[in-house]
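Novice: next come a sequence and a model predicted from it.
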Amino acid sequence: MFRRGRARVAELSRRVHPGLEGMAYSLLGYIEQAGPVRVTDVGAHFSVGKATVSRQVRTLEELGLVARETDPLDRRAALVSLTEDGRRRYLAAQGVRMRRVREVMGGWSPEDVTRFAELLHRFNDVLGESAAD
């Protein structure tokens, strides 16, 4: 499951832009959801160091997918947000992903979908608890 998930995220990253690999799609998704967000908060969300997330964000910035601006509350910090092109590309890839999920789960009963969602939430909660240890 995890191997397939990583492969799928890498595929979605390349769908956003052929120059992207790995977790770029997930980074874009978090930035889209969080709005203008500090680079350090992106790193904290994904539990990666400042150097790693800065490199990833720099690549996204060089490709024109995110823009950096000075945080007005702390001029030493930077905020990142999706550019219009980045948002358009991310949402297009997300649409492909959601269509695929609907195809896969289209034959499931509403009860099965509900139960799956409950178990997935429970699974994610347990993973989150064990990551805090």
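Specialist: Ah, there it is.
Novice: what is the rounded mean pLDDT of the helix or strand harbouring T114?
Specialist: In this structure, T114 sits in helix 110-132 according to DSSP states H and E. What helix 110-132 shows for mean pLDDT is 86.
Novice: what do you get for stretch 67-80?
Specialist: The pLDDT scores in stretch 67-80 average 90.
Novice: may I see the buried residues of it?
Specialist: 78-80 (16 or more other C-beta atoms under 10 Å). Glycine gets a C-beta too; all of them are placed from N, C-alpha and C.
Novice: what about that stretch, start to end distance?
Specialist: 6 Å (C-alpha to C-alpha, to the nearest Å).
Novice: separation between the residue sitting nearest the centre point of the chain and H45?
Specialist: The centre of the chain sits closest to S26, judged by C-alpha atoms, centre = their mean, with a distance of 1.8 Å. Per C-beta to C-beta, to the nearest Å, S26 is found 9 Å from H45.
Novice: equivalent analysis for R87, please.
Specialist: 19 Å.
Novice: now tell me what touches stretch 85-97 from outside.
Specialist: Residues outside stretch 85-97 that contact it (C-beta atoms under 8 Å, 6 or more residues apart in numbering) are 8, 12, 15-17, 25, 28-29, 32, 60, 64-66, 82.
Novice: let's see 10 Å
Specialist: Contacts with stretch 85-97, where a contact means C-beta atoms under 10 Å, 6 or more residues apart in numbering, come from 8-9, 11-17, 20, 24-25, 27-29, 31-32, 60-61, 63-67, 80-83.
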